[in-house]
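S.K.: just need the structure, nothing else, for what follows:
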Amino acid sequence: MRSLITRHFYVALIGLMPLGGACSDGPDPAPDPGTGGTATNAASTTGVGGDAGGAGGAGGAGGAGGAGGAGGGTGGQGGDDQLVCPPVPAETGAYAVDATGVTFTLGAGLLRLEVCNESIIRVQYANATSLPDKTSLSVNNKWGTRSFCVEESSGVVTITTTRLKANVDTASGLVTYADLNGNVILSEDSKAVTPATVEGVSTNRVETAFKSPADEALFGLGQHQDSVMNRKGTKRRIINANTEINIPVLVSNKGYGIFWDNYSSSEFDGTKSNNTKYSYSSEAGEMVDYYFFYGPSIDEVVAGYRTATGAAPMFPKWAYGLFQSKDKYGSQSELLRVKDGYRDNNIPLDCIVQDWDYWTPYAWGSHLMDESRYPNPASLITQMHEDNVHTIISIWPLYQRVNTERKAGELDNYRALDGIGALYPSGGSHHFYDTFNPAARALVYQQIHDRLLGPHGWDGIWADNTEPQGYPDPVNVRAANTALGKGALYVNAYPLQHSAGLYEHWRAIGPKQKRVYNLTRSAFAGQQRYATTCWSGDINSDFATYVKQIPAGLNFSLAGMPYWTTDIGGYWGHNVNWSTSANNELFTRWFQYGAFSPIFRIHGGGSRELYSNSWSAATKANLLKIDNLRYRLMPYIYSLAWKVTSEGYTIMRHLVFDYPNDEKVFNIKDQFLFGPSLLVNPVTAAGATSRSVYLPAGTWYNFWTGATTSGGSTVTVPAPLSELPLFVKAGSIVPMGPNIQYATQSIDPLEIRIYKGQDGSFTLYEDEGDSYDYEDGRYSQIPLTWDEATQDLTIGAREGSYDGMPATRTFKIVWVGESHGAGVDVTAAADQTVTYNGSKVVVSAD
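M.R.: As a prediction, this is how the structure comes out:
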């Protein structure tokens, strides 16, 4: 006899903690993220998804249904379609339905599927009589109303939302995900929880395997130096280290993603059963705990991950310009000379970085600056700001004990942390602080604020060595006793908690009128909500290392982390003679690639400032050309940054984002899209003067010449040292500002390049640049739409306003063609000029 059970709920999640180890905030929650639209009630057998376009975090556009993220973040994917559920029959002992999901009693243990929203399912499995009450460190969404149906047929329980189905075999506990037409998206192959002892603690080894069809490609898992793009058929250890950032988020070309919510040393294995299965396993955990995200587009998958773990807030606008850094600038006077070198030579620059060792002779972690080398840090930063240059300073989670204080207060920071038992290891002279201790996080930020940010005015933080690596004394975080328990269970989340403390206390204490900016060497899932940029660590200075950075950064972005950079030129260049022709070439090619990274940053040993005598006159011209291009693209880049915050967008895009059905792109690891329009093709071979480029289907414009080429094939294109091959997709609208010296300089007049060939759109975003006013809705958007059929550009009515917004703007419209509207220079003769006052304007190309 067929058994049918169906249940549907409308529960507004206000003050409600879901059952079974719910999707909930971790400790030290970020400022209230705001919620998305709530479900509309209806008849008892009818379900409705969340309201389309519910509000996101303050100032942000909410997705339909889900909760918004911090800083004006994205809501969950929408569910406008109605759910129609059959009548609710009697309960069954095999499983229990509640307002947020279904719990199954299996032959061995419990299984729970929590419906987080219409596109996100959380799966927990424990070999126990009750599920652990786990608070996720990564997932901070309180979620909203859950809307789903449950029915059973022939031993399979089906949970249906407005976007997908999750089918659970009640005998095996295995889950299969399908779309609403029943097409399988992903199937579990096995789950296991096995008792284990790790660092003397009784725990479990946990593992889940999934089936993987032959035509599947898998991406993500963070930043790795293995030159792998498609992770199908590969193995990857998941533990953070210098140059290796592990984000256990996997994205498939099949339109789904998996976040493995475990913080211990783990492994991804994509080689199982001749590459027909893949698995996640962790050495320590109370249960299997993962999240399934359904797209079907990869943008929707990544946005779903950010819906769960928090939106990336806006950086200050200056952070999208050029960073000049070195290991290491050693004095106030040297920093000012670097500033003058850029400004005197009219080379665009926004930030100069103070690396480590400014504290010597004082203790590591004292956050004191050597007065003999930095006599007046506040004056230093004032002079920087007068020339529109910003500054960030290195801090480490490392605290040194010395026998004799050389200055009153030198050991205050060490003593305060030691006094609450928040330092490890117990022996030695150097100790890492316990980032899992909320009191320690508060102390650490207060020290940084009181000794650096507050009195001096530094604009941002460089949080170095956040794995932690264990330098200069070895440290085993796995063996440490943290505030949450044995370090082995939490080791990968060390940088996440460090970043949480810096961000949350900056927002609470100040600097009040500055957006948080944190450059950090390591990360874990959820860290994007804490205003972090990661870089690829201490890498070598050679072409072999440079080429590895491209897939490393792309997989980091595919794992949901939007902001990333490298040490342009490589870190270990201290003994490199940069003035040789070969090293001029290496730096030029790396710099060309770096200009199309989300964050644009020079760092490492040796003299690499763009005005340096290390560079020949030709090299200086080539470097200035690409630096100017980055700054001309600032309106485009800053608008994309808003899409990152408001929509969960990704700026640095592997081709699978936009061409998921083109199997030719799956293993391409040296091409990518920068935003929706620009196809970037770095040159990675020494001595190359051309390179092959795969052009996906469609029409493509050569950025440098304006000539068009049909896609769908691989072409060989010139690549002189003065430029990297760069193409623009037909239908693109690319706003470009004038030549400027810093990011917040006026972008008027604005050149708007139209690449004809198909319909297109772009939204120009602007705000004040370095406050959180945007969270309160103080920003403007100007929609730009190209209609290929009518040959009309519509400049829509401006939406919103902000302090200091210009009342009128000058737009120079350029219909790009061969030798017209091409290259980095301002187009000498625009096709049309529009004086824009905020009202809709239609510009015809006929």
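
S.K.: surely residue 557 touches residue 649?
M.R.: No: Residue 557 lies out of contact with residue 649 (C-beta atoms under 8 Å); the separation is 10.4 Å. (Glycine included, C-beta is placed from N, CA and C.)

S.K.: of these two, who's got more company?
M.R.: residue 557 (26 against 22; other C-beta atoms under 10 Å).

S.K.: whichever helix or strand that one is part of - what's its average pLDDT?
M.R.: Under the criterion of DSSP states H and E, residue 557 resides in helix 543-558. For helix 543-558, mean pLDDT rounds to 99.

S.K.: tell me which residues in that helix are buried?
M.R.: Under the neighbour-count criterion of 16 or more other C-beta atoms under 10 Å, helix 543-558 has 543, 545-558 buried.

S.K.: starting at the chain centroid, how far to that helix?
M.R.: Remark: helix 543-558 is offset 15 Å from the chain centroid, using C-alpha atoms, centre = their mean, to the nearest Å.

S.K.: right, and the helix or strand after it?
M.R.: Downstream of helix 543-558, the next assigned helix or strand under DSSP H and E is strand 564-565.

S.K.: mind splitting this protein into its structural domains?
M.R.: 46-309, 621-846 (automatic domain parsing).

S.K.: just name the most buried of the ones you listed.
M.R.: Compared across the domains of the chain, domain 46-309 shows the largest average neighbour count, a mean of 21 (mean count of other C-beta atoms under 10 Å).

S.K.: please report the distance of the closest residue to residue 551 other than its chain neighbours from residue 552.
M.R.: Take residue 551 and drop its neighbours on the chain: the residue closest to it by C-beta to C-beta, 6 or more residues apart in numbering is residue 669, 3.9 Å away. Per C-beta to C-beta, to the nearest Å, residue 669 is found 9 Å from residue 552.

S.K.: for this structure, what spans make up the helices?
M.R.: 272-275, 298-309, 332-344, 377-386, 412-419, 438-448, 454-456, 494-509, 543-558, 581-594, 617-632, 634-647 (DSSP state H).

S.K.: can I get those helices in CSV with distance to residue 281?
M.R.: Below are those laid out as CSV (distance: least, C-beta to C-beta, whole Å):
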stretch, distance to residue 281
helix 272-275, 11
helix 298-309, 21
helix 332-344, 48
helix 377-386, 48
helix 412-419, 34
helix 438-448, 30
helix 454-456, 45
helix 494-509, 20
helix 543-558, 20
helix 581-594, 35
helix 617-632, 42
helix 634-647, 32
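
S.K.: render the CA-only coordinates of stretch 792-811 in CSV, please.
M.R.: C-alpha atoms of stretch 792-811 as CSV (Å, rounded to 0.1, in the frame of the first residue of the first chain):
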residue,chain,number,x,y,z
ASP,A,792,19.6,52.8,-29.2
LEU,A,793,21.5,53.4,-26.0
THR,A,794,19.2,54.2,-23.1
ILE,A,795,20.7,56.0,-20.2
GLY,A,796,18.0,55.4,-17.6
ALA,A,797,16.9,57.7,-14.8
ARG,A,798,19.3,57.9,-11.9
GLU,A,799,18.2,56.0,-8.9
GLY,A,800,19.2,57.2,-5.4
SER,A,801,21.7,59.8,-4.3
TYR,A,802,24.6,60.3,-1.9
ASP,A,803,26.5,63.2,-0.2
GLY,A,804,28.6,65.0,-2.8
MET,A,805,26.9,63.5,-5.8
PRO,A,806,27.4,65.8,-8.9
ALA,A,807,24.1,67.2,-10.2
THR,A,808,25.1,66.8,-13.8
ARG,A,809,27.5,64.6,-15.7
THR,A,810,29.1,64.5,-19.1
PHE,A,811,28.9,61.2,-20.9
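
S.K.: what's across from residue 390 in the sheet?
M.R.: Assessed by DSSP bridges, residue 390 has beta-bridge partners residue 351.

S.K.: where does this structure have low pLDDT?
M.R.: Along the chain, the parts satisfying pLDDT under 70 run over 1-81, 88-91, 471-474.

S.K.: in its sheet, what does the longest strand seen in the chain sit against?
M.R.: Ranked by number of residues, the top strand in the chain under DSSP state E is strand 184-198. Within its sheet, strand 184-198 is paired with strand 175-178 (antiparallel), strand 201-211 (antiparallel), according to DSSP bridges.

S.K.: got those strands as TSV, with distance to residue 110 columns?
M.R.: Compiled in TSV, those are given as follows (distance: least, C-beta to C-beta, whole Å):
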stretch	distance to residue 110
strand 175-178	14
strand 201-211	14
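
S.K.: next, work out how far apart the residue nearest to residue 551 and residue 654 are.
M.R.: Counting by C-beta to C-beta, the gap from residue 669 to residue 654 is 8 Å.

S.K.: again, but for residue 83
M.R.: For residue 83, the distance to residue 654 equals 34 Å [C-beta to C-beta].

S.K.: ok, back up a step: between the buried residues of helix 543-558, which is closest to residue 463?
M.R.: Using C-beta to C-beta, residue 556 is the member of those that sits closest to residue 463, with 16.8 Å.

S.K.: please name the nearest non-neighbouring residue to the closest one.
M.R.: residue 223 (4.1 Å).

S.K.: what residues are bridge-paired with the one you found?
M.R.: The partner list for residue 223 in beta bridges (DSSP bridges) reads residue 245.

S.K.: which residues are in contact with it?
M.R.: 243-245, 247, 534, 536, 552-553, 555-556, 564 (C-beta atoms under 8 Å, 6 or more residues apart in numbering).

S.K.: of those residues, which is the nearest to residue 139?
M.R.: Set against residue 139, the nearest of these by C-beta to C-beta is residue 247 (13.6 Å).

S.K.: quick check: that closest one touching residue 523?
M.R.: Yes: counting by C-beta under 8 Å, residue 247 touches residue 523, with 6.5 Å between them.

S.K.: hey, what's in contact with both of these two?
M.R.: Joint contacts of residue 247 and residue 523 (C-beta under 8 Å, 6+ apart) are 222, 561.

S.K.: in contact with residue 308: list those residues for me.
M.R.: 23, 116, 120, 138-139, 141, 259, 291, 293.

S.K.: swap in residue 506?
M.R.: Neighbours of residue 506 in contact, by C-beta under 8 Å, 6+ apart: 445, 449, 453, 516.

S.K.: any idea which of these is closest to residue 268?
M.R.: Distance to residue 268 across the contacts of residue 506 (C-beta to C-beta) is lowest for residue 516, with 31.1 Å.

S.K.: residues contacting the closest one?
M.R.: Neighbouring residues of residue 516 by C-beta under 8 Å, 6+ apart: 313, 460-461, 502-503, 506-507, 530-531.

S.K.: also residue 523?
M.R.: With C-beta under 8 Å, 6+ apart, residue 523 has these contacts: 222, 240, 245, 247, 495-496, 499, 532, 534, 561.

S.K.: if we go to 6 Å?
M.R.: By C-beta atoms under 6 Å, 6 or more residues apart in numbering, the residues touching residue 523 are 245, 495, 534.
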